[in-house]
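**Student:** pasting a predicted model and its sequence here:
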Amino acid sequence: MKDTYYNIGIPNNIKICLLADLHNQEYLPVLASIDKNKPDMILYAGDIVEKYKTEGFDSILDKSPNSVTLLKECARRAPTFFSLGNHECFITEKDMEVLESYGITVLDNRIVEHEGFLIGGLTSRRVMGYRYYKENYKSSPTFSQDEFLRIRKRLYKEFQTDFSWLEPFEKSDKYKILLCHHPEYWAMQKPYLKDMPIDLVVAGHAHGGQFRIYDIIHKKWQGVLSPDQGFFPQYSEGMHVNNKNHLIVTRGLANSVAPIPRFMNEKEVVYII
């Protein structure tokens, strides 16, 4: 695992730690990095869970003890904000209340103000899809987590992710940060986040492209495959800029949630100043 640093001029010399995609794997190296770098704020941009289904557990938190411990330890070290990724598909209100009781601010399509910053969390479309499914299909005799996962791609065509709650960002002159698990929302799915007055969008999800190969034409390393972006994804890691707006994508903290391991693609903790 490596530490990666970006200097974009965060106001008041604030140091931000960006985490994502632990998927309930080993967390001690992450805490060692945080203790070394001493951030003022910790942002976790989704995916604490390894697999979607609760699979016999009462709660996704019960099946994700490593991730929950990491979040609890983060909250002991600095103000910690968590947004919902696609693997939080079956998270419940009670789960979020438990996380809040540990001192973690859960940003489920909402904005909070913290020390002069506005911080929002855009909930993954897949979480919203399951909520839509529960509301519209609960009377079906086949209603289940398995059934949702089977038909979810069709369901996604029946609703749109709600961006309307982001309006306060447009009206405020405070520094604005958005946790958004999916980097493709930046410029691949309308409305494009890159065109909104948001100073910093932080994301994960792409796992650095899983494999990374050297692009001899552009003289840089390139991710090979990412969910929702396909082959050779544009937003698999790094910093992307549109005017004064920044997107920073972390490669994440898990080796892999697929049978294919990472290659030339270290896990990372990101620091932004």
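**Tutor:** Good, I have the coordinates.

**Student:** any buried residues in stretch 241-258, and which?
**Tutor:** Neighbour counts using 16 or more other Cβ atoms under 10 Å place Asn245, His246, Leu247, Ile248, Val249, Thr250, Arg251, Gly252, Leu253, Ala254, Val257 of stretch 241-258 among the buried residues. In short, each C-beta sits where N, CA and C put it, glycine included.

**Student:** now, which of these sits nearest Asp228?
**Tutor:** Proximity of the buried residues of stretch 241-258 to Asp228, judged by Cβ to Cβ, is greatest for Val249, which lies at 12.6 Å.

**Student:** now the closest one: how far from Ala187?
**Tutor:** When Cβ to Cβ, to the nearest Å is applied, the distance between Val249 and Ala187 equals 12 Å.

**Student:** what touches both of these two?
**Tutor:** Residues touching both Val249 and Ala187 by Cβ atoms under 8 Å, 6 or more residues apart in numbering: Tyr235, His240.

**Student:** can you list contacts of stretch 217-236?
**Tutor:** If you take Cβ under 8 Å, 6+ apart as the criterion, stretch 217-236 is touched by 86, 182-184, 186-188, 203, 205-215, 237, 247, 249, 251, 264-265.

**Student:** filter those residues down to the buried ones.
**Tutor:** Among those, the ones that count as buried by 16+ other Cβ under 10 Å are 86, 182-184, 186-188, 203, 205-212, 237, 247, 249, 251, 265.

**Student:** inside strands: which ones of those residues?
**Tutor:** Under the assignment DSSP state E, the buried ones among the contacts of stretch 217-236 contribute Ala203, Arg212, Leu247, Val249 to strands.

**Student:** which pLDDT value does the model give Ile177?
**Tutor:** Turning to Ile177, the model gives it a pLDDT of 97.

**Student:** sec struct for it, please.
**Tutor:** Put simply, Ile177 is strand when judged by DSSP: H, G, I helix; E, B strand; the rest coil.

**Student:** that one and Asn13, how far apart?
**Tutor:** Between Ile177 and Asn13 the distance, using Cβ to Cβ, works out to 15 Å.

**Student:** okay, those two: which has more neighbours?
**Tutor:** With other Cβ atoms under 10 Å as the criterion, Ile177 and Asn13 differ in neighbour count, and Ile177 comes out ahead with 25 against 8.

**Student:** residues contacting that one?
**Tutor:** Contacts here follow Cβ under 8 Å, 6+ apart; on that basis Ile177 touches Ile16, Leu43, Phe117, Leu118, Ile119, Gly120, Ile198, Asp199, Leu200, Val201, Val202.

**Student:** mind running it again at 10 Å?
**Tutor:** Taking Cβ atoms under 10 Å, 6 or more residues apart in numbering as the contact definition, Ile177 lies against 10, 16, 41, 43, 81, 111, 114, 117-121, 169, 198-202, 246, 272.

**Student:** give me the buried subset of those residues.
**Tutor:** Once neighbours are counted (16+ other Cβ under 10 Å), the buried part of the contacts of Ile177 comes down to 10, 16, 41, 43, 81, 111, 117-121, 169, 198-202, 246, 272.

**Student:** can you give me the pLDDT of Ser256?
**Tutor:** According to the model's per-residue confidence, Ser256 sits at a pLDDT of 67.

**Student:** cool, and Phe263?
**Tutor:** Per-residue confidence (pLDDT) for Phe263: 80.

**Student:** so what pairs up with it in the strands?
**Tutor:** Each beta-bridge partner of Phe263 is listed here, defined by DSSP bridges: Phe211.

**Student:** circling back to that earlier point, now, among the buried residues of stretch 241-258, which is nearest to Tyr130?
**Tutor:** Nearest to Tyr130 out of those is Val257 (Cβ to Cβ; 18.3 Å).

**Student:** mind listing which of the buried ones among the contacts of Ile177 are in strands?
**Tutor:** Checking the buried ones among the contacts of Ile177 against DSSP E, those in strands are 16, 41, 43, 81, 111, 117-121, 200-202, 246, 272.

**Student:** this protein: helices as residue ranges?
**Tutor:** Applying DSSP state H to the chain gives helices spanning 28-37, 65-77, 93-101, 125-137, 145-156, 167-171.
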